[in-house]
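**Student:** 3D, please:
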Amino acid sequence: MTRNVKDYIGIVCGAVLVALGLNALLIPNRIAAGGASGIATILVHLIGISPSLVLLAINVPLLVVGSRVFGVRFGAYTVLGTLATVGAVGLTQGLSPLTTNPLLAALYGGVVTGIGMGIVFRFRGTTGGTDIAAKLAAHYSGISLGDALLAIDALVVIVAGILFSAEYAMYALIAIFVCTKTIDVVQEGLYSAKAMFVVSNQGETIAAALMHKIGRGVTLLPSKGAFSKQERTTLFCVVGRTELTRAKRVVLEIDRNAFVVVTDAHEVLGEGFKVGL
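**Tutor:** Sure, this is the predicted structure:
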């Protein structure tokens, strides 16, 4: 199976999950969690219009304008992801809600739609809607893509809060937060390694000990103190979370004065970790 075919299948599967999260959890419970789906939620409850028709009415003009503005950069994957989401919402319309508790709907709706969107993004697609609108706004106004997305989502949530109640706006914020975090997990994985930076004048000795005792590779980077002007060696080493304590102990046993910085490494590809995509 070619990479393109795998991408297409992944995008369609992700779109189906997004649709299930919307039709079975968010929309029936009036949780307008931003974006085009949030607009659809508002209009469903105000005038009874089909959510798939709302998404189609929003996305088709955006796709046309986006293709004219961005040309080939716009990409077939964007078109596929957008239309697959619209189609999946139409096909799953009318599902019985899995819960009528708005808090549960916000939490699980955020998880399900987040998994779906994460899968779509992982296979290089997009669900369209405000993603395209934000790109256009950023292109013409000069504001950042993130700020444009935030402004659009905030406007949808505020309108929902005015029309439904402030409580529903709060549920929508919960759904947005959970969805965002779930997307990160799908994109980066649950596995979180730790990256260590060690500055020491005994760099080669520490590197040898880390490779021998921890079994992890080490990169040596020549460095110089800006204040002291002393030549030292900076070590870069990625270890698993369970290995971090042992790795720090190895460093400090050799050089008690070593300067150690530890940071999260959410996704690590390569020898000893995940295989690259």
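
**Student:** pLDDT of the helix or strand hosting Val64, averaged?
**Tutor:** Here Val64 is covered by helix 51-70, with elements defined by DSSP states H and E. Average pLDDT, helix 51-70: 84.

**Student:** elements contacting that helix?
**Tutor:** Packed against helix 51-70, as judged by 3 or more CB pairs under 8 Å, 6 or more residues apart in numbering; DSSP states H and E, are the following elements: helix 35-47, helix 76-91, helix 130-141. For every residue, glycine as well, the C-beta is placed using N, CA and C.

**Student:** which residues touch the nearest residue to Thr182 once chain neighbours are set aside?
**Tutor:** Of all residues not flanking Thr182 in the chain, Gly114 sits nearest, at 2.7 Å (CB to CB, 6 or more residues apart in numbering). Listed by CB atoms under 8 Å, 6 or more residues apart in numbering, the contact partners of Gly114 are 21, 178-183, 185-186.

**Student:** any of these buried? List them.
**Tutor:** When the contacts of Gly114 are checked for burial by 16 or more other CB atoms under 10 Å, the buried set is 21, 178-179, 182-183, 186.

**Student:** longest helix in the chain, please.
**Tutor:** helix 166-188 (DSSP state H).

**Student:** and that helix, average pLDDT?
**Tutor:** pLDDT averaged over helix 166-188 gives 89.

**Student:** so what does it touch, helix or strand wise?
**Tutor:** Under the contact rule (3+ CB pairs under 8 Å, 6+ apart), helix 166-188 is packed against helix 102-122, helix 145-163.

**Student:** and those helices, which one is worst for confidence?
**Tutor:** Looking at the helices and strands packed on helix 166-188, the lowest mean pLDDT belongs to helix 145-163 (a mean of 83).

**Student:** what sits up against that one?
**Tutor:** 30, 32-35, 38-39, 41-42, 46, 130-131, 133-135, 137-138, 141, 143, 168-170, 172-173, 176.

**Student:** buried residues, it. List them.
**Tutor:** Of all the residues in helix 145-163, those buried under the rule 16+ other CB under 10 Å are 148-149, 152-153, 156-157, 160-161.

**Student:** cool, stretch 87-104 as well?
**Tutor:** Neighbour-count burial for stretch 87-104 flags 87-90, 92-93, 98, 102 (criterion: 16+ other CB under 10 Å).

**Student:** any idea which of those is the one closest to Phe121?
**Tutor:** Ala88 (15.9 Å; CB to CB).

**Student:** which strand or helix spans Val260?
**Tutor:** Taking DSSP H and E as the criterion, Val260 maps to strand 259-265.

**Student:** average pLDDT across that strand?
**Tutor:** Average pLDDT, strand 259-265: 90.

**Student:** domain parsing for this structure?
**Tutor:** Annotated domains of the chain cover 3-188, 193-265 [automatic domain parsing].
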